[in-house]
Structures are given as structure tokens and as C-alpha cells.
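Student: got a structure for you, letters missing:
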């Protein structure tokens, strides 16, 4: 990731500043309170949107209601832009989420929701807010935080950053699982079913024998029941046939009456549907006329766009964007007017000074009358030109405002007309659908009426005479067959009930046997799992120190490499050593080991910088697969003095950091800034920061 440009509007002392950064060593230089660190704070706010404390008071300019930050950066050859806005409301400052936007090139990829923008940035850059604060941004007076931490706290924090704390958490998490399996093993060993498997097997065999006896008795009763059922079916079928004849005759008479009523109802429904079809056709014609009127209104509004030089087929979104462009242009013109006004005031002051005294307004040296007259004419000419420019800017502003008002009016009218067209089209579509339904229903009614009349004529032909005496004789034969069938069936149901009870007993015994066998199998599996969990827990406990040792070995090598570069290979007097708590020591050439508190302030600063840089490189390699590609430094020359050359050596070492694509440093040291590839000077006038770029030799 490489930052390209950041724009600050009403951020701390920056009224409207744009800062461009290059690859390599960038240095923001200026005196105390000039607004250098504000740029780093704005970068942090643009990327993550969260305040460093509980409020954004430290960020928004005191006399401003709105502050803006726009950050452009490059990643993997692609350009991204993020816009964030602070807004003061009811003595509270917060983000204006409606203006939160993230672009890839000109494509909007996230907006309005801080979580969505943060997640997209994490996917693009691979870093989150914690990683940025711990690794990328070395804040003022926080450079030595890791060195000064208590050893236990330092080990815990770096284990978290390196991902080693996951093994400690896994070791602790496995303990409840181990206890659960131990409890299950003890419970299974005390289960009574496991010791009674043979007794349950004997009870199961006795029940199975009794079940077989009842099965044979049921087979005999089933045969006799089947014969009685056959006789009953024959008698019942005869009764049913005669009952069917009687019911059919009665149903035919009822159906005759229903069909007669239905024919009358269908005739009434057909008349209502015919009237509905007529009304629907009238409504559709009225809606079509209304739709044509709305579309003519839309065409009239779009012709107004041509009068201001816009294509008539612009969408509402495009019109709104164009209005915003006009507003931006007017704002730019306003800014230029303010600059020209300032120049006019300056020129007027020079003319007044020249009239009052025979002194040059620039160098304050005496001048001749001829030179004074020439200079006076030139200043008056410049003032007149500036006034003409003011008039031109006012005219341009009025022209843009007129165009914007026309476009705003047309946009509002087109939105309203399109809404009316959409509503009318929906009504028209609904009426046409209802007309189609009513027409279909009318045709269906006509067909149903014709079918009902044909069916009514057929029913009247089918109605005949019915003999009731045949039905009485058939019912008596059926009653005798039913009594015989009922007695056999009752005996069968009694035996089936006994068989079911035996079956339930067998199922219960089988379930207990299967449960006992499963418990035995479970006990064996639990004991195997216990052994495996214990081995895994021991492995988690032992792997963390080994991995930490590997990290420390690699970190020690990287810190020493960075320290050599910072202090100069030929002048290196410090050999860095790091113990199991990530505590850094230094070793002199004679082998004497010293704590970091026992070295000079400059050496301690170099060591802290190398320590932080080495940790950053290692974390980025372990998490993202590549080294640290961007570094923000806030006053890195803490405890360094110019007389011993340590500031120049630090700056020279930073300029040689080829593994870091971009370094952005804030300093008040001119000696430090001299070694930078790209120097950005921050001055302050009337409580407003000014940004200027210095060309390096």
C-alpha cells in the first residue's frame, strides 16, 4: 500500500490543504504546532474512521461545522479513494455516514456503512486498525512502549500479534472437553445395564418363545375370519348394490333441482360479467389518455435540458450529479475570488504606501520619482486587472447558478412525472388484467350454461322406478353374516392384544440390550478419545514455546539487521539480544550484557526503532506473506542530538530502507529532513496551516 494524496478541509489547523506523497522517504517538516501530526491523524481517520479517544474534538477545526478528509492510495497497481466527513451537531461531533464513500478508480465499491468500508479496506490492504497502530504507525512518544512494557505483558501482546496466543487458548479450551469425557467414562463404568447384559438376554429369549405361540394361534383365527369376511362381503355387496340403486334415484332427483337452480344463477352471473367488461373498457380508455398526457409533459421538461446544453435523455441520477458538479465549480470560483480579493488588498496597501513615502514597498529602500511613477502605474494596472477578474468570476458564478436552478427544477418535475407515469402504467396493467379475467369468466359462464342444460335433459331421462322389498331381504342375510364375523374378530383382537403386549416387552428388552451394548462401545471409544485429547493438549502446550523460540530467533536477526543499518555497519557498537519474553538486551563487543535502561537515550531510540521495525516486518510476513511496505513516523528523532550525527544517521538509514516502499515521517528537525527524497514543509499563518513542496538537490 502506498499513499498518493490526502486532502484536509477544516481538520485541526488545516483549512484546505492537499498533500502529495511519493514512493520512498517523504518528510513533513515544520516547527511545533504547525499541523504536521494532524496529517497523520487524518490518514488514520480516513482509513478507519474511529476516534483515537472518545470524541472527534481533537480532529475537527474549532470554528467549523463540517470537516472533510479524502485519501488516495495505490495497492497492487490499482488506485483507491476514500472520503470521510465529520459533522458537528448539538455540541457533538460524529461522522456523516451519508458522505462516506470508497472508490476503486471511479467505481464506487462501498458507502454509508462504516463496517462495509472497513471490511473492504481490510480485504484490499490486508491490515486492520490494530495492526496499523502496532506496526505501520509509530506515534510520537510511543516508540519505546514495547521496550518499556513489563516482560509478561510484552510476551502476551506480541504472542497475540504473532498468532501464538491461539495455542494457549486452544490448550485452555481443551481442558473442559477432557473433564467432560472423564465424567462420561466414570458414569458409564457405574451404569447397571452394562453388568446385567446376560440376565437381559435370558428374559428376551423367554418373551420370543411366548410370542411364537401367539403367532400360531393368530394364524388359525385369521383363516376363520377370512372365510366369515368373504360371506359378509357377498351379502354386503348385494345390499350395497340395492342401496346404490335407491340412492342413485334420490340423487338424480336432487341433482335435477340443483341443476335447475344453477341454470338460473349462471344466467344472472353472465349478465353481471357483461356489464363489468363494458365498465373495464371505459376505464382503460381513460387511463390510456392520462398516460399519453404524462409522457407529453415529460418530453416538454426534457426539451428544457437542451436549452442549457444537456442531452434530453439524461437520467435523474445524472442530472443530480451534474448539479453537484456545478456546485463544486461555484465553490472553486468562490475560492479563486477570495484569493483575488486578497491580492487586491495587498496591491492597494502597496499603492497607499507608495503615495505616502518615496520608499519601495518591497525592499523599503528610497526610490526616484520616475521609478516611483512607473511602479505606481504598474501596481494600478495590476489592481485593475484583478478587479476585472473579480467581475468575470462573479459573472461565471451567476451563469452557473442560473443553470443549476433550471436543472434542479427540471429534475424535480421529471421525478414527479415519471412517478405519475409509473403509477398510471400500473393501474392500466391492473385494469387490463381484470378485463381479461372478466372476459374469460363470461365465456366460461356461457359454456357452463350450455353444459348444464344438456345434463338436465339427460337426468330427467334416467329417473325411473325402484323396488324396496328386495333391499329388506338382502339386509337380513347380511346381519347373520355380520354376527358370525364379529365373534371371530373379537377372539382375534384379544390374541393380537396379547401378542402386542409381548412385542412391546420384547422391544423394551431389545432396546435395553442394544443400549447396554452401545454403552460398552461408547465406554471403549471414550477411553480412546481421552487418550487422544490428553496427547493433543500436551502437544498444544509444547508447540507454543517452540514456535516462540523460532519467532524470537528470526526477530533477533531482523532487529540486529535494522540496528546495523540505523547506526551504520562500520560504527555498530550494539549487538541486540532478545529473550523468551521478547525482552531486548544489548551486548557490547567485550561480551558484557546491558539492559536497555542502561544505554544512552540516542542508543535507546535506535534500538526501539529497530525493535519496532523488526517486529513489524515479522508480523507482516507471518500474516500477509510480505514485508512492511509503508511506515508512518511521528517525531522519530526523540532523544537524538545533532552534535553526534545520530539524527543524520537515522535519516540516512530510513532513506536506505528498500524493503519499505513508502516512509512518511513527521519531524521538526531540518537535519533529519535533509536526507528525505520528498520534503513537504508545513508552515502556519493566522492559525491556518500552509503546505509547500521543497525541491531536493
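Tutor: Sure thing, it's come through. Here the structure is a predicted model, which means the values were calculated and not measured. Numbers count the residues shown, from 1 in each chain.

Student: What's the separation between residue 526 and residue 173?
Tutor: 19 Å (C-beta to C-beta, to the nearest Å). Just so you know, the C-beta spots here come from the backbone N, C-alpha and C atoms, and that holds for glycine as well.

Student: Sorry, slip of the keys, the one I care about is residue 490.
Tutor: Using C-beta to C-beta, residue 490 is found at 65 Å from residue 173.

Student: Could you do residue 309 as well?
Tutor: Residue 309 is 69 Å from residue 173, by C-beta to C-beta.

Student: Comparing the two, which residue is more hemmed in?
Tutor: Between residue 309 and residue 173, counting by other C-beta atoms under 10 Å, residue 173 is the more crowded of the two (11 against 7).

Student: Quick one: list the elements packing against the strand or helix carrying residue 493.
Tutor: Assessed by DSSP states H and E, residue 493 sits inside helix 469-567. Packing contacts for helix 469-567, counted by 3 or more C-beta pairs under 8 Å, 6 or more residues apart in numbering; DSSP states H and E, involve helix 151-162, helix 165-189, helix 192-195, helix 197-307, strand 575-578, helix 601-624, helix 646-655.

Student: Of those, which is nearest residue 39?
Tutor: helix 646-655 (17.7 Å; C-beta to C-beta).

Student: which ones are touching residue 517?
Tutor: Contact analysis of residue 517 by C-beta atoms under 8 Å, 6 or more residues apart in numbering lists residue 197.

Student: got a list of what residue 257 touches?
Tutor: Neighbour list for residue 257: empty [criterion: C-beta under 8 Å, 6+ apart].

Student: Can you tell me how far it is from residue 461?
Tutor: Counting by C-beta to C-beta - residue 257 and residue 461 are separated by 16 Å.

Student: Then residue 383?
Tutor: Applying C-beta to C-beta to residue 383 and residue 461 gives a distance of 118 Å.

Student: Run a quick neighbour tally on the nearest residue to residue 214 once chain neighbours are set aside.
Tutor: The shortest distance from residue 214 to any non-neighbouring residue, by C-beta to C-beta, 6 or more residues apart in numbering, is to residue 499 (4.3 Å). Neighbourhood size, residue 499 [other C-beta under 10 Å]: 17.

Student: Make sure residue 499 is actually in contact with residue 211.
Tutor: Yes: contact criterion C-beta atoms under 8 Å: residue 499 and residue 211 qualify, at 6.6 Å.

Student: what residues are up against the closest residue to residue 622 other than its chain neighbours?
Tutor: With C-beta to C-beta, 6+ apart as the criterion, residue 622 has its nearest non-adjacent residue at 6.1 Å, and that residue is residue 162. Residues in contact with residue 162 (C-beta under 8 Å, 6+ apart) are 548, 551, 618-619, 622.

Student: and which of the residues you listed is nearest to residue 41?
Tutor: Of all the contacts of residue 162, the one sitting nearest residue 41 is residue 619; the distance, using C-beta to C-beta, is 22.9 Å.

Student: which residues does the closest one contact?
Tutor: By C-beta under 8 Å, 6+ apart, residue 619 lies in contact with 131, 134-135, 161-162.

Student: buried subset of those residues?
Tutor: The neighbour-count test (16 or more other C-beta atoms under 10 Å) marks 131, 134-135, 161-162 as buried among those.

Student: any chance of the residues you listed in TSV, plus distance to residue 657?
Tutor: Output for the buried ones among the contacts of residue 619, formatted as TSV (distance: C-beta to C-beta, whole Å):
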residue	distance to residue 657
131	19
134	18
135	14
161	21
162	22
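
Student: List just the nearest of those residues to residue 280.
Tutor: Closest approach between those and residue 280, by C-beta to C-beta: residue 131, at 67.4 Å.

Student: Tell me how far that closest one lies from residue 161.
Tutor: Distance from residue 131 to residue 161, counting by C-beta to C-beta: 8 Å.

Student: now residue 63
Tutor: Counting by C-beta to C-beta, the gap between residue 63 and residue 161 amounts to 41 Å.

Student: Find the residue at the geometric middle of this protein.
Tutor: Central residue of the chain (C-alpha atoms, centre = their mean): residue 116, 3.6 Å from the mean position.

Student: so when I look at that one, I'm seeing a strand, right?
Tutor: No: according to DSSP: H, G, I helix; E, B strand; the rest coil, residue 116 belongs to no strand; its state is helix.

Student: gap between it and residue 352?
Tutor: In terms of C-beta to C-beta, residue 116 sits 58 Å off from residue 352.

Student: neighbour-wise, which of residue 383 and residue 461 wins?
Tutor: Using other C-beta under 10 Å as the criterion, residue 383 and residue 461 rank with residue 383 on top: 18 against 8.

Student: Kindly confirm my reading that residue 86 is in a helix.
Tutor: No: using three-state DSSP, the assignment for residue 86 is strand, not a helix.

Student: is it true that it touches residue 99?
Tutor: No: the pair residue 86 / residue 99 is not scored as a contact, 9.9 Å apart, by C-beta under 8 Å.

Student: what touches both of the two?
Tutor: Contacts common to residue 86 and residue 99, judged by C-beta under 8 Å, 6+ apart, are residue 68.

Student: Between the two, tell me which one has more neighbours.
Tutor: Each of residue 86 and residue 99 has its neighbours counted (other C-beta under 10 Å); residue 86 has more, 25 against 15.

Student: And the more buried one, what's its pLDDT?
Tutor: For residue 86, the model assigns a pLDDT of 95.

Student: what's the answer for residue 371, then?
Tutor: For residue 371, the model assigns a pLDDT of 68.

Student: Make residue 1 into 27 and carry on from there
Tutor: That works, and once the first residue is 27, the last one we named lands at residue 397.

Student: per-residue confidence averaged over the helix holding residue 519?
Tutor: For helix 495-593, mean pLDDT is 81.

Student: now stretch 710-721
Tutor: For stretch 710-721, the mean pLDDT works out to 89.

Student: do stretch 634-654 as well
Tutor: 80.

Student: buried set for that stretch?
Tutor: Across stretch 634-654, burial judged by 16+ other C-beta under 10 Å covers 634-646, 649, 654.

Student: same deal with stretch 325-336?
Tutor: Using 16+ other C-beta under 10 Å as the burial criterion, the residues of stretch 325-336 that qualify are 327-328, 330-331, 336.

Student: ok, now stretch 455-469?
Tutor: Those would be 457, 460-461, 464-465, 468, for stretch 455-469 by 16+ other C-beta under 10 Å.

Student: just curious, which of these is nearest to residue 671?
Tutor: Residue 671 lies nearest to residue 457 out of those, by C-beta to C-beta, at 90.2 Å.

Student: What helix or strand is the closest one located in?
Tutor: Here residue 457 is assigned to helix 395-488, by DSSP H and E.

Student: Quick one: list the elements packing against that helix.
Tutor: Applying 3+ C-beta pairs under 8 Å, 6+ apart, one finds that helix 395-488 contacts helix 223-333, helix 342-382.
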